[in-house]
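In: Pasting the sequence and the predicted model now:
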Amino acid sequence: MRRLAWALPLLFAGCRHAPQIQTLEPAAVPGGRASVVRIVGEHFDDDAVVSIGGEVVAAKRVGDDVLEARVDGLKRGRYPVVVRSKDGESAARELVVLNAPPRIIAAERHIVRAGASFVARVSTVDPDGDAVQLRIDGAERTDAGFSVTAPDEDRTWTVKLTATDGTDTATRAIEIVALREPPTPRVDPPMVPLGGGRATKVVLNGANLWHGLTGTYDGVDVAIEVLAHNRVAVKLVARPRGTYALRLGPTTAQIEIGNSPPIVAPRIVEAAEQKTREVEVEAHDPDGDALRYFAVDLPPGATFDGERVRFTPDFIQGGRTYVATFAASDGTVTSTAAAKFVVSDDVRLPQPKVVSRSKQEDHDRVVLAQYTDRFLDPDGRTYEARLVVPHDTDGGRPLRVYLHGFGGRPYRGGRGDLFGLYPHDEDQTYWWGKQDPSGRLTPYTARRVLHLVAFVLKRFEGIDPNRVYIFGPSMGGAGAVTIGAFYARHFAYAYGTMGQMVPRLHRPSRREQLSGLWGPPSPAWDLIDIPRLLVESPEARNQFFLTRHGKDDPIIHFGAVLFRSPVVGLGYYEAAQQERVGHYAAWDEGAHGPPDPVLGAKWWEDDWDPATDPITRITRDRAFVAFSEASHDDDPGDPEGDGSRAFDPDRGYAGELEVVGDQGWGGDRTGTLNRGLRWDSRSLVDTIDRFEVKLRAEASVEVIATPRRVRRFWLRPREPVRWRHGAEAGEVEADESGAVSIPVKLSPTWSTLSLSRRAD
């Protein structure tokens, strides 16, 4: 008994009651107009929700057991009414919505000069969608409504309109007033200025408006349609900003015209492969205001200097049409027009051929024969390439272009999570090229890589063309960074490991080998000097780079990233930081292939795949954020070393892989630049007037954030920009290239960086 007594209060406390509907008052409401229905029942609480026909409606509690719900113009039919509360849902009660009568839309009164004719507009609508029959008594029916010819005397009469949907009937009486001497009309000007610079039709209110009125606007005859005795439609010709007289009969109204938007001319621009095309944004302002021009969403590789677009299509951009946007702003309004860039296919190349295709568990392995001509190879040889084609390509898959190392061949494996393209550099040209018959260093190998990419994108479905990235180790790492920088327009990012960044700084034996292909070290080698490209090439600065190098690497020693370019006097790390280039860099005490003896393999990948990450995904067609000078960056060391080891021209200051800490490069044994820094590519805002992105870090970090690959928020050199990040705000200037860099404090919590253009 004690146990039962203890349980009874809980039993009764658990007895909850769902709402119940007893009656609807009224049970039937007219269709096509708003009504209020009283719902009488039980167990209604203050948070009760009412739905009618499955749609939640406005309702309020007006008594312990009464709700009032608003019914907004439902069509004819029967609708279930349900009340929901936290304790459950009522059984449905049926509400009947009756037929909605048709409606007649017509002016109630017309004034006409005696002896004149006019046409009055009439229309009907039926909320239930029923066919409506309209009868007109006292006037001649027309397609628009009815026509009237007034007698030559003062007279007032009525035109009767009757509409029926077969169930209900609506009537309307229209008063017609014919006068020999119509009254003086009145026209009320608009309460706000009208938009200028274009012809516009405006409906004005007034009084004593009569059919037969004529008028002028700024001295020009205008078309007038009197809609009723108190409304008139006037088609105004285009005028710039100002005040203009509208004269209707004997009366005049002053019409204020506001700002006239700029007028931007649409363009069709014809361009040829490997030839520079320059085109200006053509626009004018009807008010004579000074304009600022924009060119956004440009073709890959095109640049804009504030007045003209400069575009040099490369040899795989032929046969394509790119749609960009030209815009002009007068400081108040920005107008746009489409600009089509049509690139002719001038460099015709032999197409690769599928030699074989074998089916694997989740992908196909394809062998390609790449045929060449003198543009792709001085000897016109045929090369082998391999391709991995996933079976599941829903949503589009990335394409990874994998460049093998020195002495390697196209990879023969693969997996089905992405497309993998494996070219061949059998001459070991470091994926660039060699001298042509005239002795000029020509990028034959790089061209063949691009040619294969273009072929695969066109031939195989399911590739996301904005997620093509290039990757490689050693010679392939140098090639990935070089091609990724030089042809940045074609790749979302470049990922190179153990790659030499400055060709002139290769170890002696490699310089000798390359001299046989490139000629002796000369300024021709400096064309693919990565620090030089980052300093001098806007296209390269808009690329994102991932790199890893080993301090115990005896093949491509750590000087590859620390030693300074003879052209610009900066090492790779220095150039990437100074130029605010997007980069994530890692180093350890691994060798040329063998991993760090403590950290192991791929520790630097940081659980981040830039091509597939759902938040921080790098794509070719979207801006990203480049980070530099992060407070948590590690120290890579000094080009001079720490003095613990003598410099070896081949090995640099590398020690033994098995001996931890014996290398002489100084700085931190292992480390990263920009580790764990992320942006949210999903919510990024990139417009002409505003740029906004969410940022975070793994821990509290101070860093400089620079938007890169911006599609629309284009800035002039030294243009002032307002910024806000959390509680911090300020104003900075863009640099000489138009990039803007903001010092921010990041934490593991997402925070929003906003940039806005300051009005001139």
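Out: All right, it came through fine.
In: Can you list the low-confidence ranges for the chain?
Out: Along the chain, the model assigns pLDDT under 70 to residues 1-15, 759-760.
In: longest helix of it?
Out: The longest helix of the chain (DSSP state H) is helix 444-459.
In: quick one: buried residues of it?
Out: Across helix 444-459, burial judged by 16 or more other Cβ atoms under 10 Å covers 444-457. From N, CA and C alone the C-beta is placed, and that goes for glycine too.
In: Out of those, which comes closest to P554?
Out: Nearest to P554 among the buried residues of helix 444-459 is T445, at 25.6 Å by Cβ to Cβ.
In: Now that V132 has come up, it's in contact with P102, right?
Out: Yes: V132 is within contact range of P102, at 4.6 Å (criterion: Cβ atoms under 8 Å).
In: any residues in contact with both of these two?
Out: Counting by Cβ atoms under 8 Å, 6 or more residues apart in numbering, the contacts common to V132 and P102 are 124-126, 163-165.
In: Let's have those in TSV, adding secondary structure and neighbour count.
Out: As requested, the shared contacts of V132 and P102 are exported to TSV (DSSP: H, G, I helix; E, B strand; the rest coil; neighbours: other Cβ atoms under 10 Å):
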residue	secondary structure	neighbour count
T124	strand	19
V125	strand	13
D126	coil	23
A163	strand	23
T164	strand	19
D165	coil	21
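In: Pick the one among these closest to V659.
Out: Closest to V659, out of all of those and judged by Cβ to Cβ, is V125, at 89.1 Å.
In: what's the nearest residue to the closest one if we skip its chain neighbours?
Out: Setting aside the residues directly before and after it, V125 is nearest to R103 in space (Cβ to Cβ, 6 or more residues apart in numbering), at 5.1 Å.
In: which one of the buried residues of helix 444-459 is nearest I255?
Out: Closest to I255, out of all of those and judged by Cβ to Cβ, is L457, at 55.7 Å.
In: where along the stretch 351-500 of the chain do the helices fall?
Out: Using DSSP state H, counting those that start in this stretch, the helices of the stretch 351-500 of the chain run over 444-459, 475-486.
In: Likewise for the chain?
Out: So, for the chain - with DSSP H - the helices run 2-13, 444-459, 475-486, 508-518, 530-536, 538-541, 559-562, 572-578.
In: C-alpha coordinates for the second one, PDB please?
Out: Read that as helix 444-459. Below are the C-alpha coordinates for helix 444-459, written out as PDB (Å, rounded to 0.1, in the frame of the first residue of the first chain):
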ATOM      1  CA  TYR A 444      56.600  21.700 -73.900                       C
ATOM      2  CA  THR A 445      56.000  19.500 -70.800                       C
ATOM      3  CA  ALA A 446      53.800  22.000 -69.100                       C
ATOM      4  CA  ARG A 447      51.800  22.400 -72.300                       C
ATOM      5  CA  ARG A 448      51.300  18.700 -72.500                       C
ATOM      6  CA  VAL A 449      49.900  18.700 -68.900                       C
ATOM      7  CA  LEU A 450      47.500  21.400 -69.700                       C
ATOM      8  CA  HIS A 451      46.500  19.700 -73.000                       C
ATOM      9  CA  LEU A 452      45.700  16.500 -71.100                       C
ATOM     10  CA  VAL A 453      43.700  18.400 -68.500                       C
ATOM     11  CA  ALA A 454      41.600  20.100 -71.200                       C
ATOM     12  CA  PHE A 455      41.000  16.800 -72.900                       C
ATOM     13  CA  VAL A 456      39.900  15.000 -69.700                       C
ATOM     14  CA  LEU A 457      37.600  17.800 -68.700                       C
ATOM     15  CA  LYS A 458      35.900  17.700 -72.100                       C
ATOM     16  CA  ARG A 459      35.800  13.900 -72.600                       C
END
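In: Taking helix 508-518 as reference, get the angle to that helix.
Out: Helix 444-459 and helix 508-518 are oriented at 70 degrees to each other (axes from the mean of the first three to the mean of the last three Cα atoms, to 10 degrees).
In: Select, from the shared contacts of V132 and P102, the two members most distant in space.
Out: Spatial extent of those (Cβ to Cβ) is set by the pair V125 and T164 at 13.4 Å.
In: circling back to that earlier point, out of the helices of the chain, which comes closest to V220?
Out: Nearest to V220, of all these, is helix 538-541, at 50.0 Å by Cβ to Cβ.
In: Quick check: buried residues in the closest one?
Out: Within helix 538-541, the residues scored as buried using 16+ other Cβ under 10 Å are 539-541.
In: Please apply the same query to stretch 55-64.
Out: By neighbour count with 16+ other Cβ under 10 Å, stretch 55-64 contains the buried residues 57, 59.
In: which residues sit against that stretch?
Out: Under the contact criterion Cβ under 8 Å, 6+ apart, stretch 55-64 has outside partners 38-39, 44-46, 48-51, 67-72.
In: rewinding a little: okay, the helices of the stretch 351-500 of the chain in TSV with distance to T321 next?
Out: Formatted as TSV, those follow (distance: least, Cβ to Cβ, whole Å):
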stretch	distance to T321
helix 444-459	15
helix 475-486	25
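In: quick one, which of those helices is nearest to G655?
Out: Minimum separation from G655 across the helices of the stretch 351-500 of the chain (Cβ to Cβ) falls at helix 475-486, 21.4 Å.
In: Determine the set of other helices and strands touching that closest one.
Out: Applying 3 or more Cβ pairs under 8 Å, 6 or more residues apart in numbering; DSSP states H and E, one finds that helix 475-486 contacts helix 444-459, strand 463-473, strand 494-497, helix 530-536, helix 538-541, strand 544-550.
In: Which stretch among those approaches Q22 most closely?
Out: In terms of Cβ to Cβ, the element of these nearest to Q22 is strand 463-473, at 59.4 Å.
In: Can you work out which other helices and strands pack against the closest one?
Out: Using 3+ Cβ pairs under 8 Å, 6+ apart, strand 463-473 sits against strand 397-402, helix 444-459, helix 475-486, strand 494-497.
In: who's in contact with T482?
Out: Taking Cβ under 8 Å, 6+ apart as the criterion, T482 is in contact with 430-432, 446, 528, 530.
In: Name the pair among the contacts of stretch 55-64 with the greatest separation in space.
Out: Largest pairwise distance in the contacts of stretch 55-64, by Cβ to Cβ, is 24.2 Å, between D45 and D72.
In: Would you mind measuring from T156 to I174?
Out: T156 sits 11 Å away from I174, going by Cβ to Cβ, to the nearest Å.
In: which one of the two has more residues nearby?
Out: Legend: neighbour count by other Cβ atoms under 10 Å for T156 and I174, higher for I174 (24 against 11).
In: What residues does the residue lying closest to that one once chain neighbours are set aside make contact with?
Out: The shortest distance from I174 to any non-neighbouring residue, by Cβ to Cβ, 6+ apart, is to V159 (4.4 Å). The contact partners of V159, by Cβ under 8 Å, 6+ apart, come to 120, 136-139, 146, 148, 173-174, 176.
In: Reformat those as JSON lines; add distance to G439.
Out: Listed next are the contacts of V159 as JSON lines, based on distance: Cβ to Cβ, whole Å:
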{"residue": "A120", "distance to G439": "87"}
{"residue": "I136", "distance to G439": "92"}
{"residue": "D137", "distance to G439": "98"}
{"residue": "G138", "distance to G439": "98"}
{"residue": "A139", "distance to G439": "93"}
{"residue": "F146", "distance to G439": "89"}
{"residue": "V148", "distance to G439": "92"}
{"residue": "A173", "distance to G439": "97"}
{"residue": "I174", "distance to G439": "93"}
{"residue": "I176", "distance to G439": "95"}
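In: Quickly name whichever of those is closest to R718.
Out: For those, the nearest to R718 is A120 (62.9 Å; Cβ to Cβ).
In: In this model F146 seems to touch the closest one, though I could be wrong.
Out: Yes: between A120 and F146 there is a contact under Cβ under 8 Å: 5.6 Å.
In: Now the common contact residues for these two.
Out: Residues touching both A120 and F146 (Cβ under 8 Å, 6+ apart): 139, 159.
In: Run the angle between the longest helix of the chain and strand 463-473 for me.
Out: Using the same axes, to 10 degrees: helix 444-459 against strand 463-473 is 150 degrees.
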